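A.B. asks: Here's my sequence, what's the structure:
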Amino acid sequence: MRKLPYSIDPYLVKFLVYPKKKTDKSMAELEIDLNQRCDSGPFPHSAFQERFFHDSQAIFAAADTNAFQDLNVQMAKLAVGILFGRYSVPVPDVEIEYQQGIKPSMFKSLIGRGHPEFSTKRQQDAIEFLLHLINRHTRVHPKSTVCPAESFKFRVEERLQCLSSGKVRYTHRPEYNLPVPVPLETASNMEEVRLYNEQKKAAMAAGQHISDDIVRPKITLQSCLEALVRPEEVQNFYSTAISGKTTALKITKLATTPDFLWIQLRKFTLAEDWSPVKLDVAVEIPQILDLSFMKASGQQPDEILMPDQVTAADAAAEPPFDMAIVESLIEMGFPLVACKRAATLTHDRGLEAATQWIMEHMDDPDFLAPPPSSASGTFKPDEEGVAMLQSMGFSRSQCVKALKNTDNNLFSASTVSAPSASEPTFTDGPPVYELAAFISHMGTSTSVGHYVCHIKRDGRWVIFNDEKVAVSENPPFELGYLYLYRRSSMN
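C.D. replies: Next up is the predicted model:
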């Protein structure tokens, strides 16, 4: 018998039929595992992932026949589509460079329904959409569970000091994003910018080609934040301490800091002719951000609060407003009464806020009505009653309001104020953050362009530009519009 050139394993048949145990995962399975991590994917936000991804099956099971009108269902569909990895497969057509992305048509239709901007295809503002989305979530979210948007919410403290009496007033308001000014006067390369603008103007006049190397003003995010908390004078401030108008000093700080902080650079502003423009500026963005200098300290032991009570003469007085804002609005062509109303109802937060208020309320039936008075008649709260109610855990403003509504009846006031005891809750913690994502506006003006997003994923920055998703080697941190910071202690 001729000998074979190689030997055959006598146990080969048994080996081939022996049940194999899988030791390695496929690329698709690895990608699914990666997407299911709480700190990965285009949702760098564990609260949203927990609610709309991990609880998606419960949301689908509880949905009724009108699921296409259910925001929770549409958010769960979006989260599953992005995070589950089912659609993360290679494109079979080699001629197509990028795979088709997820098209959340139902979500887009639902979230924009009834909105004058988001129901259209016009150019839209990213921060307006973000706040609109948060507002929709807070309205439809079940009361029995914590809304994921709560981890964006923080408390802003405004301290107003009457310069005539030295007395102070503290007010607080909830916010979901932190808009900061862009102080061009702090740019470190003002001379280079001036020379570039002169050369650009001369080249345009001569019809010559303009260099592609743009010289932008260079400022820092730190200078933007410092400009926000810098003391600001408020003219024509009505002080209850002197029962008249005077000048006040306003300081804005953060009473609490959220787990996730959105910072908006106010790059969209008004030119000298009141036309909307976009500031072309480069802002140095730190990867680690310490906001300790922005934390509010509340009322100090040596400070005296302005009185809450008002007199009959005060009741007839106009509410306080910033006359500079009113004059600027008048120059834009708006009626005087509407300008006063806008400045009053936006609490003198600036020309941009007042202008936006006018644009949003021009069709209101009370648009030309006088602004509501800050005074409401003579009332002096019983200080002993205030102290007793405060000992029960209520704030002073709640106590004064309750006593006023019950004519200083302490026992009725304790009943009235009870429903208000559940004030909005805020997360708080160390004010040190790490950059997690940012959104950039690609375009030269407010009316053109589109947005792209960069997200930090497993130590790398990934760019999301429509269906184009790729690792970003040199992310343009300095050209962003919205920045999302995550509390460092959560990492």
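
A.B. asks: where does the stretch 251-400 of the chain have low pLDDT?
C.D. replies: By pLDDT under 70, the weakly predicted segments of the stretch 251-400 of the chain are 309-320, 331, 363, 365-366, 368-370, 372-380, 383-385, 387-398.

A.B. asks: And the strands in it, which stretches?
C.D. replies: Per DSSP state E, counting those that start in this stretch, the stretch 251-400 of the chain carries strands over the ranges 260-265, 268-270, 276-278, 282-284, 288-290.

A.B. asks: Dump those into CSV; add mean neighbour count as well.
C.D. replies: For glycine as for every other residue, the C-beta is placed from the backbone atoms N, C-alpha and C. Below are the strands of the stretch 251-400 of the chain laid out as CSV (neighbours: other CB atoms under 10 Å):
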stretch, mean neighbour count
strand 260-265, 23
strand 268-270, 15
strand 276-278, 15
strand 282-284, 19
strand 288-290, 14
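
A.B. asks: Same list (the ones you listed) but as TSV, adding distance to residue 441.
C.D. replies: Below are the strands of the stretch 251-400 of the chain laid out as TSV (distance: least, CB to CB, whole Å):
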stretch	distance to residue 441
strand 260-265	10
strand 268-270	8
strand 276-278	7
strand 282-284	13
strand 288-290	21
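
A.B. asks: what's the closest of the ones you listed to residue 345?
C.D. replies: Of all the strands of the stretch 251-400 of the chain, the one in closest proximity to residue 345, counting by CB to CB, is strand 268-270 (19.8 Å).

A.B. asks: Sheet partners, orientation included, of the closest one?
C.D. replies: Strands that pair with strand 268-270, judged by DSSP bridges, come out as strand 276-278 (antiparallel).

A.B. asks: Residues contacting the strand it pairs with, please?
C.D. replies: Residues outside strand 276-278 that contact it (CB atoms under 8 Å, 6 or more residues apart in numbering) are 267, 268, 269, 270, 271, 441, 443, 444, 445, 446, 447.

A.B. asks: Can you check the residues you listed and name whichever has the most neighbours?
C.D. replies: residue 441 (23 neighbours; other CB atoms under 10 Å).

A.B. asks: So the closest residue to residue 261 other than its chain neighbours, which state does it fall into?
C.D. replies: The shortest distance from residue 261 to any non-neighbouring residue, by CB to CB, 6 or more residues apart in numbering, is to residue 485 (4.6 Å). What DSSP: H, G, I helix; E, B strand; the rest coil gives for residue 485 is strand.

A.B. asks: gap between the most centrally placed residue in the chain and residue 481?
C.D. replies: Nearest to the geometric centre of the chain sits residue 177, at 2.5 Å (CA atoms, centre = their mean). Distance of residue 177 to residue 481, given as CB to CB, to the nearest Å: 11 Å.

A.B. asks: so what sits against both of these two?
C.D. replies: Common neighbours of residue 177 and residue 481 (CB under 8 Å, 6+ apart) are 127, 264.

A.B. asks: could you dump the longest helix that the chain contains to PDB, C-alpha only?
C.D. replies: The longest helix of the chain (DSSP state H) is helix 190-206. Output of helix 190-206 as PDB, limited to C-alpha atoms (Å, rounded to 0.1, in the frame of the first residue of the first chain):
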ATOM      1  CA  MET A 190      -6.500  93.200  18.600                       C
ATOM      2  CA  GLU A 191      -3.700  94.800  16.500                       C
ATOM      3  CA  GLU A 192      -3.500  91.700  14.200                       C
ATOM      4  CA  VAL A 193      -7.300  91.900  13.700                       C
ATOM      5  CA  ARG A 194      -7.200  95.600  12.900                       C
ATOM      6  CA  LEU A 195      -4.500  95.100  10.300                       C
ATOM      7  CA  TYR A 196      -6.400  92.100   8.800                       C
ATOM      8  CA  ASN A 197      -9.600  94.100   8.500                       C
ATOM      9  CA  GLU A 198      -7.900  97.000   6.800                       C
ATOM     10  CA  GLN A 199      -6.200  94.700   4.300                       C
ATOM     11  CA  LYS A 200      -9.500  92.900   3.700                       C
ATOM     12  CA  LYS A 201     -11.300  96.200   3.100                       C
ATOM     13  CA  ALA A 202      -8.600  97.400   0.700                       C
ATOM     14  CA  ALA A 203      -8.600  94.100  -1.200                       C
ATOM     15  CA  MET A 204     -12.400  94.100  -1.600                       C
ATOM     16  CA  ALA A 205     -12.300  97.700  -2.800                       C
ATOM     17  CA  ALA A 206      -9.700  96.800  -5.400                       C
END
